[in-house]
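1. Take a look and give me a structure for this.
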Amino acid sequence: MSIYFAENLEQGVTMAKTDPVQQNSALQLQSRLLIYSALGAIAIGASVAIASIMPLSQRLKQAEERNLEFAAQTRTLAIEEFLLRTQDIGGQIASRTRARNQLAAFNQGQVQRNELVRVSTDILNDALNQSEEIEGIIRFDRNGQPVTQIGLAIPEEFWQIMPSAGNQSVFIGPVEIAGISYLIVGTLINNETAQVLGRDLVLFKVPRLERIVQNHSGLGATGEIILGRVTDGRVELFFEHRNNDNRISRTVENAIERSVAGEAGMMQSDSTSTIPEVIAFNPIAIANWGLAVKMDRQELYQPVQKQIFDTGMAIALLTLLGTGGMVILLRPLTDKAIVQTDELEQQIQEKSVLLQAKTAALQTEQRQREAVEEALQQMNELKASSRQVADACATANFGVQEAQTIATGGTRSVDRTLEGMTTLKENVEAIALQIDHLHEGARQIGTIASLVGSLADQTNMLALNAAVEAVRAGDRGKGFSVIATEIRKLADRSRQSADKINILLGDIQSSVVATSKATQEGTKTVQVNFEIVQETSVSLTGVLNAIDAVTTSAQEISFATHEQAVAIQQLVAAIDMIKTSD
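-> Numbers count the residues shown, from 1 in each chain. Presented below is the predicted three-dimensional model:
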């Protein structure tokens, strides 16, 4: 009977050790744990990338659009400065005291027309020779009759466009004369009591204005500056385009019309346009012109797309590195848990085979009922111990399942991802610091602009005092009077430039404040993601605790197995006693 029992036990243990199905199940469990962990980490990386990149992309696009608006504003200032210069030159010519006195005397009948023509011709020739930008001048009396004309002749079709008492100067053009573009500036000639004595039309060259319009620096390969006006409901352009094609889209025409109407802003071409464009437009108020700066949408947003791509690649790389590190960390842990589970299952199978062998032995011992009853009692104890083993195994299985669930959540974060989020948080804080520095620099520039305005006011006052002293000096002070007038006008232009600088500084400070708010929002988003990564690290700690629980269950199974071994020894002793009694 002992030989029969030993043979059955040996066969059962051999079958338990060589079960290939059990080994395949363990390998599948390990593979699932690692795959689900990697997928969870990748999902976290994708979520972080989407939450970070989308608002960043919007902010960067708005920054590029503000740069295009700034380009339109700078070109507008340059054109207005050119027009103010021509206006000042025309005013200087009209304000020469001797010519103005001759006109006043002629209007009162005190001077003959030939004398007026002689004096006016000499004065205008002197003005023509002093300025390289003037091509021709024509002077009219208060009745609109030409007094004299020097230099290039201005066609009669423009003589009717004259400044009125309510408008000191008017701009005509650019117009083509003999195939060349010119700008005509009309200026009133007034006496000390603001009575109109006559009018001047001055013909200016426009190469400088053309250079301003055709200066495409900072606008890439597709950027273009368009200057025009609206005549009889039709948009008229002044200069050739960058690609020598004067055709413009309806969107650009709309931008010119709105800028001529006094509006400024941004607009984009609709979806039906062949070439998507982004357009910034500004009015040239003093000449009733409109300026538009357009740029291909793809080229304008190309730096944004590159920066977004680089950011996405960095996040993807950090995610992959974190996933790889997590898999490397979890592999030995899963191996240990699976090995312990396999050992538990093998022990259960061995105990089950042992139980079957004991049952078979008890069935053969019908004649020794007392010994059989004792053996049955030992078998009952063995069954109770086996139930403890089964309960412990169930606890171990539940611990493994809990470890799998916690590991799935814990693998959403790794130490490298945590370091990357910390670096990102520091970078966003550094950006906020730089924005504060920029705000302080803008404030200092505003202070300097205020000083320039104050200096212009003082210079203007000195020029007025000098003009008074020149009047007191009589004919000897006339030249100094002209110089004082020039200084006063230069001070006025300095004051106007200072005011425009203050306006631009206000816009820049508004943009800095908006960028600062966007940076603060980015900092909050980074902080939230940082806390999520820390919570994930806590989940990984839960995985280790669950594995410790599995280990404890294995110890309990080992203790129950020891009790079963003692019971088996007692059963063998009883069987030996039965065999001896036989």
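2. in stretch 217-230, what's buried?
-> For stretch 217-230, a neighbour-count test (16 or more other CB atoms under 10 Å) marks 219, 222, 223, 224, 225, 226, 227, 228, 229, 230 as buried. Quick note: C-beta positions are derived from backbone N, CA and C, even for glycine.
3. Let's see it as CSV, backbone CA atoms only.
-> Provided in CSV are the C-alpha atoms of stretch 217-230 (Å, rounded to 0.1, in the frame of the first residue of the first chain):
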residue,chain,number,x,y,z
SER,A,217,12.5,93.8,-44.6
GLY,A,218,11.1,91.6,-41.9
LEU,A,219,8.2,90.4,-44.2
GLY,A,220,9.7,87.2,-45.5
ALA,A,221,9.4,86.1,-49.1
THR,A,222,5.6,86.8,-49.5
GLY,A,223,5.2,90.0,-47.4
GLU,A,224,4.1,93.1,-49.3
ILE,A,225,3.3,96.7,-48.5
ILE,A,226,0.4,98.3,-50.5
LEU,A,227,-0.3,102.0,-50.5
GLY,A,228,-3.4,103.4,-52.2
ARG,A,229,-6.5,105.5,-52.1
VAL,A,230,-10.1,105.3,-53.1
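4. quick one: average confidence on that stretch?
-> Averaged over stretch 217-230, pLDDT sits at 85.
5. What is the nearest of the buried residues of stretch 217-230 to residue 402?
-> residue 222 (60.5 Å; CB to CB).
6. Flag every buried residue along stretch 294-304.
-> By 16+ other CB under 10 Å, the buried positions in stretch 294-304 come out as 294, 295, 296, 297, 300, 301, 304.
7. how about residue 83, what does it touch?
-> By CB atoms under 8 Å, 6 or more residues apart in numbering, residue 83 lies in contact with 171, 284, 286, 287.
8. buried subset of those?
-> For the contacts of residue 83, a neighbour count by 16+ other CB under 10 Å gives the buried set as 171, 284, 287.
9. Return the list of helices and strands in contact with the helix or strand that contains residue 310.
-> If you go by DSSP states H and E, residue 310 is part of helix 302-363. Under the contact criterion of 3 or more CB pairs under 8 Å, 6 or more residues apart in numbering; DSSP states H and E, helix 302-363 touches helix 2-17, helix 20-94, helix 369-410, helix 415-473, helix 478-581.
10. Show me the buried residues of stretch 294-304 that map onto helices.
-> Counting by DSSP state H, those place 297, 300, 304 in helices.
11. from those residues, which is closest to residue 104?
-> Once CB to CB is applied, the member of these that ends up nearest residue 104 is residue 300, at 57.4 Å.
12. Report the contact partners of the closest one.
-> Neighbour list for residue 300: 64, 65, 68, 220, 278 [criterion: CB under 8 Å, 6+ apart].
13. if we can go back for a sec, going by distance to residue 199, which of the ones in helices among the buried residues of stretch 294-304 wins?
-> residue 300 (46.0 Å).
14. And the helices in the stretch 151-300 of the chain, which stretches?
-> Remark: helices assigned in the stretch 151-300 of the chain by DSSP state H, counting those that start in this stretch are 207-213, 250-260, 297-300.
15. Quick check: which of these has the most neighbours on average?
-> Ranked by mean neighbour count, those are led by helix 250-260 with a mean of 21 (mean count of other CB atoms under 10 Å).
16. What is that one packed up against?
-> If contacts are counted by 3+ CB pairs under 8 Å, 6+ apart, helix 250-260 sits against strand 224-231, strand 234-237, strand 265-268, strand 277-284, strand 289-296.
17. For those, please prepare JSON lines with the additional fields distance to residue 527.
-> Listed next are the helices and strands packed on helix 250-260 as JSON lines, based on distance: least, CB to CB, whole Å:
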{"stretch": "strand 224-231", "distance to residue 527": "44"}
{"stretch": "strand 234-237", "distance to residue 527": "51"}
{"stretch": "strand 265-268", "distance to residue 527": "33"}
{"stretch": "strand 277-284", "distance to residue 527": "34"}
{"stretch": "strand 289-296", "distance to residue 527": "36"}
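18. So residue 150 belongs to a strand, correct?
-> Yes: Residue 150: assigned to a strand according to DSSP: H, G, I helix; E, B strand; the rest coil.
19. Can you check the pLDDT for it?
-> So, for residue 150, pLDDT stands at 91.
20. and it, how far is that from residue 137?
-> Counting by CB to CB, to the nearest Å, the separation of residue 150 from residue 137 is 5 Å.
21. again with residue 47
-> Counting by CB to CB, the gap from residue 47 to residue 137 is 73 Å.
22. Neighbour count for these two, which is higher?
-> residue 137 (25 against 13; other CB atoms under 10 Å).
23. Show me what the more buried one is bridged to.
-> residue 150, residue 202 (DSSP bridges).
24. hmm, back to that, common neighbours of residue 150 and residue 137, please.
-> Going by CB under 8 Å, 6+ apart, residues that sit against residue 150 and also against residue 137 are 124, 128.
25. Kindly reformat the buried ones among the contacts of residue 83 as a markdown table containing pLDDT.
-> Output for the buried ones among the contacts of residue 83, formatted as a markdown table (pLDDT from 0 to 100):
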| residue | pLDDT |
| --- | --- |
| 171 | 86 |
| 284 | 90 |
| 287 | 84 |
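26. which one among those gets closest to residue 40?
-> Comparing the buried ones among the contacts of residue 83 against residue 40 with CB to CB places residue 284 closest, at 60.0 Å.
27. The closest one and residue 212, how far apart?
-> On the measure of CB to CB, residue 284 and residue 212 end up 11 Å apart.
28. can you check residue 145 too?
-> If you measure residue 145 against residue 212 using CB to CB, the figure is 36 Å.
29. got it, and residue 251?
-> In this view, residue 251 and residue 212 are 23 Å apart by CB to CB.
30. And residue 541, by the same measure?
-> Distance from residue 541 to residue 212, by CB to CB: 66 Å.
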